[in-house]
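Enquirer: here is my input, please return the structure:
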Amino acid sequence: MQQSFEEIYTQYSPQVFRVCMGYINDPAQARDLTQETFIAVWQNLSSFRNESKLSTWILRIATNNCLRALEKSKRMVTTDLPFDIPLPHEETQEEKLAFLYKCIAELEETERIIISLLLEDLPQAEIATIIGLTEGNTRVKIHRIKEKLAVKFRDHGQFE
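Expert: Numbers count the residues shown, from 1 in each chain. Take a look at the predicted model:
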């Protein structure tokens, strides 16, 4: 391994955080999951076998951490608060990004990770490897996810 752990963390932590946000849509929990991911990377870096790209290995760890967190949260009883805050006429980039993450959070688990990885500009082949699907199946899922998000954006008035 040529890179130090600090270099690996600096290079990949923003990407891991964004992927976790795609799953969780909670910045505090996404930071915790990012930290857990890099604890696992630190503990297992010496056993990394270079059978895949380092980024694929790290994102797979992040994905597994997110899936475990989602599974754990499903077992917890929660109550949703009403969320009827009117949006201003002209949304800022931050508000548009928040809306995107909200839409992503409403997708199924597999769809959330696929779109999160796609937003990180990962090639479809690498996404397929990370999530354990065929490239063809991944391509179809990406197309359907984009359609779902486009409908949500149109309904929200984003594509007028």
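Enquirer: so what pLDDT did Val77 get?
Expert: Per-residue pLDDT puts Val77 at 66.
Enquirer: list the contacts for the residue nearest to the spatial centre of the chain?
Expert: Residue closest to the average C-alpha location in the chain (Cα atoms, centre = their mean): Val19, at 2.6 Å. With contact taken as Cβ atoms under 8 Å, 6 or more residues apart in numbering, Val19 is in contact with 59, 62-63, 66, 113, 116-117, 120. For glycine as for every other residue, the C-beta is placed from the backbone atoms N, C-alpha and C.
Enquirer: nearest to Glu95, of those residues?
Expert: When the contacts of Val19 are ranked by distance to Glu95 (Cβ to Cβ), Ser116 comes first, at 19.5 Å.
Enquirer: any regions of this structure where pLDDT drops low?
Expert: Residue ranges of the chain with pLDDT under 70: 1-2, 77-91, 158-160.
Enquirer: okay, helices next: where are they in it?
Expert: 5-24, 27-44, 54-75, 93-105, 109-119, 124-131, 135-155 (DSSP state H).
Enquirer: for those, which one ends up most surrounded?
Expert: helix 109-119 (a mean of 21; mean count of other Cβ atoms under 10 Å).
Enquirer: what sits up against stretch 145-155?
Expert: So stretch 145-155 is contacted by 100, 103-104, 106-107, 111, 114-115, 118, 159 (Cβ under 8 Å, 6+ apart).
Enquirer: for those residues, give me TSV that also has distance to Thr129.
Expert: Formatted as TSV, these follow (distance: Cβ to Cβ, whole Å):
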residue	distance to Thr129
Leu100	25
Cys103	26
Ile104	21
Glu106	26
Leu107	20
Glu111	17
Ile114	12
Ile115	16
Leu118	14
Phe159	32
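Enquirer: which pair in those residues spans the largest distance?
Expert: For the contacts of stretch 145-155, with distances taken as Cβ to Cβ, the pair at the greatest spread is Ile114 and Phe159 (21.6 Å).
Enquirer: stretch 135-155: how far from the chain's middle?
Expert: Here stretch 135-155 is found 15 Å from its chain centre; the criterion is Cα atoms, centre = their mean, to the nearest Å.
Enquirer: same thing with stretch 43-57?
Expert: The gap between where stretch 43-57 is centred and where its chain is centred comes out at 20 Å by Cα atoms, centre = their mean.
Enquirer: what's in contact with it?
Expert: With Cβ under 8 Å, 6+ apart as the criterion, stretch 43-57 contacts 1, 3, 5, 8, 12, 15, 60-61, 122, 126, 129-130.
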